[in-house]
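Participant: sequence first, predicted coordinates after that:
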Amino acid sequence: MTRSSWRGAGSGLLRWSYVVVVVLLLGAGLGPARVDSGVVRTTTVVDGVPVDLVRPADLSAGKAPAVVVAHGYAGSRRLMADWGTTLARSGFVVALPDFAGHGANRTPLPDGAAREPRLAADLTATVGLLRRTPEVDPGRIGLAGHSMGAGAVHRFAAEHPEIAATVAISLPGAGAPPQDPALPEDLLLLTGRYEFPAFHRASEDARRHPFPGSLGGDPAVDNARRARTVDGTEHITILFAPQAHAEAASWLRASLHATTAPVGNAAGERVLAAALLWGAFAIGFLPFARMLFRPAPSDGARAAGPTRIAGAVAAGTAIAVAGSALVPVGWSPLAVGGEIGWFLALFGLGSGLAFTLVAPEPVRCGRPRTPWRSAAVTCYAVLAVAVPIGFGLAEPIPHGPRWWWAPLVVACCGVACAAAEFLVRGLHGWRRDGARAAALGAALLGIGAAAIAGVLPSFVLLIAPLLGALLLWHLAWAALLARSSAPWWLPAVVGGVLLGWPLAAVSPLM
């Protein structure tokens, strides 16, 4: 970008960015006023399990029904917070636990045969907490869960006839038929329209297990079982769908005989506020970078040809796949995030090495300028990730081993981003943006291919939309920094934060 065009951005687009940021911040400011309205939320720890208890603000003197809401793999009680609000507004006392290895729970999640008993123990502790809560009717307790949590509550309810109702959202597998075919009692199965076929098959299998009750009947009258598809959703977005919240609340109200009139559907309230905060940070980066850096001078580097760049990217991808195949799946204590970080680090080192062997000239880092500016941009990136995540998705501050694993994942992602910047040196404008996007897009495709081949965990495929969104975010900010006088490595540092911090925040401890 020329000096005049950089200034032009400040006179036109820049002014509009100020307006948009103010509007987004105002909208986000209204979020806390709406979130949790009509409910009271407290936090406790029972048998090492962090639990949020959500009650109706105007809870009557009588005993209320209760529901445990269980998150899925790589989720947390923060991710399910809107479910707690919806159900509390419908008259339930709601408990939202952090399973082992997730959220603020520092106990590692076991792998293999030990996992199901660990999840069952966490559910036992949470159900016990509800039974000891004075406002709760211990005879009217139900369960709801998503993905891994759906499997956990389905198994738990099949083994505990005292559980009066179960809602399984995105059930990953029906498992073995229960000893009592009448269990789980009053089972509702919700599946997103665009989920993988395996989830639809699991829901149908669970619905069709030999069952003496009423398929599609009324849970208020008899033991009922029903499967519903939630339109316009997949594995993650089903959590924020008003239809899913309404279906679950209606089912539980009928089965547990809740008498309080529902006062509002909280689907997506926290995520909307978090999205507005994220938008303010994302767009606010334009005036922030414009304030710190001048237009980009010519770096004097010769651009590599597309064949040379493509060859380096292909070599890096091959090295990353091979290197990931050499270590067993699940080797990292930070599941998924550690393995993706390892893949990206190998991709960055491999593509950078391959490119160096045929690069036209060495990299010249140049003299450092005002390092506080680069530090300010890095801090801005950390806030842009941590604040929205902490508001509506996951724990913003690392817990336990995440304190040292999170920086490692950030560094690994930064290596891949640095390699991309190295490959595109000498290119300018849209050519540079396109080459950077192609290089990192190839790495993302390599991650997907490795997951399909079994080299990386298959769960990676479920979070592919998240990875794609984070990559687009990085590409937008990297394009802006590349048009300024920021050092060439700064987009890589920022990219490491934007890609690595969310991965570390949601990845379970194993």
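Facilitator: Received it, and whenever you're ready, just let me know what you need. Here the structure is a predicted model, which means the values were calculated and not measured.
Participant: for the stretch 151-300 of the chain, which spans come out with low pLDDT?
Facilitator: 174, 176-177, 210-216, 296-300 (pLDDT under 70).
Participant: element containing W331, please.
Facilitator: W331 is part of no helix or strand, with elements assigned from DSSP states H and E.
Participant: ok, it - contacts?
Facilitator: Contact analysis of W331 by C-beta atoms under 8 Å, 6 or more residues apart in numbering lists 338-339. The C-beta positions use only the backbone N, C-alpha and C, and glycine is treated the same way.
Participant: name the residues that touch stretch 229-246?
Facilitator: 79-80, 82-83, 86, 146-147, 169-170, 190-196, 199-200, 247, 265-268, 271, 462-463, 465-466.
Participant: give me that answer again for 7 Å
Facilitator: Residues outside stretch 229-246 that contact it (C-beta atoms under 7 Å, 6 or more residues apart in numbering): 79, 82-83, 86, 146-147, 169-170, 190-195, 265-268, 271, 462, 465.
Participant: quick one, domains of this protein?
Facilitator: 36-263, 293-506 (automatic domain parsing).
Participant: let's have those domains in TSV, adding distance to L286.
Facilitator: What follows is those, written out as TSV (distance: least, C-beta to C-beta, whole Å):
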stretch	distance to L286
domain 36-263	28
domain 293-506	6
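Participant: quickly, which of those bottoms out on average pLDDT?
Facilitator: Note on those: domain 293-506 shows the lowest mean pLDDT, a mean of 86.
Participant: quote the end-to-end distance of that one.
Facilitator: 33 Å (C-alpha to C-alpha, to the nearest Å).
Participant: likewise stretch 129-139?
Facilitator: 14 Å.
Participant: identify all contacting residues around it.
Facilitator: Contacts to stretch 129-139, defined as C-beta under 7 Å, 6+ apart, come from residues 46, 51, 55, 59, 63-66, 68, 93, 95, 141.
Participant: now do the buried residues in it.
Facilitator: Residues 129-130, 133, 135-137 are the ones in stretch 129-139 that count as buried (16 or more other C-beta atoms under 10 Å).
Participant: what segments of the stretch 51-200 of the chain are helices?
Facilitator: 81-89, 115-132, 148-159, 197-208 (DSSP state H, counting those that start in this stretch).
Participant: same check, this time on the stretch 201-350 of the chain
Facilitator: 242-256, 269-292, 306-325, 337-358.
Participant: same check, this time on the stretch 351-500 of the chain
Facilitator: 371-392, 402-423, 429-452, 459-462, 464-482, 490-506.
Participant: so of those, which one's packed in deepest?
Facilitator: Highest mean neighbour count of these: helix 490-506, a mean of 25 (counted as mean count of other C-beta atoms under 10 Å).
Participant: give me the contacts around it.
Facilitator: Contacts to helix 490-506, defined as C-beta under 7 Å, 6+ apart, come from residues 74, 334, 337, 340-341, 374, 377-378, 381-382, 385-386, 389, 394-395, 398, 402, 405-406, 409-414, 417-418, 421, 470, 473-474, 477-478, 481-482.
Participant: what angle separates it from helix 269-292?
Facilitator: For helix 490-506 against helix 269-292, the angle by axes from the mean of the first three to the mean of the last three C-alpha atoms, to 10 degrees is 160 degrees.
Participant: quick one, helix 490-506 and helix 429-452 angle?
Facilitator: Counting by the same axes, to 10 degrees, helix 490-506 lies at 30 degrees to helix 429-452.
Participant: now the helices of the stretch 201-350 of the chain as JSON lines including mean neighbour count and distance to R118?
Facilitator: Below are these laid out as JSON lines (neighbours: other C-beta atoms under 10 Å; distance: least, C-beta to C-beta, whole Å):
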{"stretch": "helix 242-256", "mean neighbour count": "21", "distance to R118": "25"}
{"stretch": "helix 269-292", "mean neighbour count": "20", "distance to R118": "27"}
{"stretch": "helix 306-325", "mean neighbour count": "19", "distance to R118": "27"}
{"stretch": "helix 337-358", "mean neighbour count": "23", "distance to R118": "20"}
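Participant: picking that back up, if you rank the contacts of stretch 129-139 by neighbours, which is first?
Facilitator: When neighbours are counted by other C-beta atoms under 10 Å, A95 leads those with 30 neighbours.
Participant: beta partners of that one?
Facilitator: L53, V68 (DSSP bridges).
Participant: any idea how far it lies from C417?
Facilitator: In this view, A95 and C417 are 41 Å apart by C-beta to C-beta, to the nearest Å.
Participant: over to A66?
Facilitator: Distance from A66 to C417, by C-beta to C-beta: 47 Å.
Participant: over to V358?
Facilitator: In this view, V358 and C417 are 21 Å apart by C-beta to C-beta.
Participant: circling back to that earlier point, want to throw the helices of the stretch 201-350 of the chain into TSV with distance to D122?
Facilitator: Shown next, in TSV, are the helices of the stretch 201-350 of the chain (distance: least, C-beta to C-beta, whole Å):
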stretch	distance to D122
helix 242-256	21
helix 269-292	23
helix 306-325	31
helix 337-358	21
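Participant: quick one: closest of those helices to H428.
Facilitator: Nearest of the helices of the stretch 201-350 of the chain to H428, taken as C-beta to C-beta: helix 306-325 at 14.5 Å.
Participant: mind listing residues that contact the closest one?
Facilitator: Applying C-beta under 7 Å, 6+ apart, the external contacts of helix 306-325 come out as 339, 342-343, 346-348, 350-351, 354-355, 358, 419, 423, 435, 439, 442-443, 446, 450, 455-456.
Participant: again, but for stretch 391-405
Facilitator: Under the criterion C-beta under 7 Å, 6+ apart, residues 76, 78-79, 103-104, 106, 270-271, 273-274, 277, 333-334, 338, 386, 389-390, 406, 504-506, 509 lie in contact with stretch 391-405.
Participant: how far does that stretch stretch from start to finish?
Facilitator: Stretch 391-405 has its terminal residues 22 Å apart, counting by C-alpha to C-alpha.
Participant: how far out from the middle of the chain is it?
Facilitator: With C-alpha atoms, centre = their mean, to the nearest Å as the basis, stretch 391-405 stands 12 Å off its chain's centre.
Participant: ok, so of the contacts of stretch 129-139, who is nearest P295?
Facilitator: V51 (53.2 Å).
Participant: now K63: phi and psi?
Facilitator: The phi and psi values for K63, taken as degrees, to the nearest 10, are phi -70, psi 140.
Participant: that one and V263, how far apart?
Facilitator: 20 Å.
Participant: follow-up on the earlier one: and the helices of the stretch 201-350 of the chain: which comes nearest V35?
Facilitator: helix 269-292 (5.1 Å).
Participant: between the closest one and helix 81-89, how many degrees?
Facilitator: Going by the same axes, to 10 degrees, helix 269-292 is angled at 140 degrees with respect to helix 81-89.
Participant: which strands and helices lie in contact with helix 269-292?
Facilitator: If you count contacts as 3 or more C-beta pairs under 7 Å, 6 or more residues apart in numbering; DSSP states H and E, helix 269-292 packs onto helix 13-34, helix 81-89, helix 371-392, helix 464-482.
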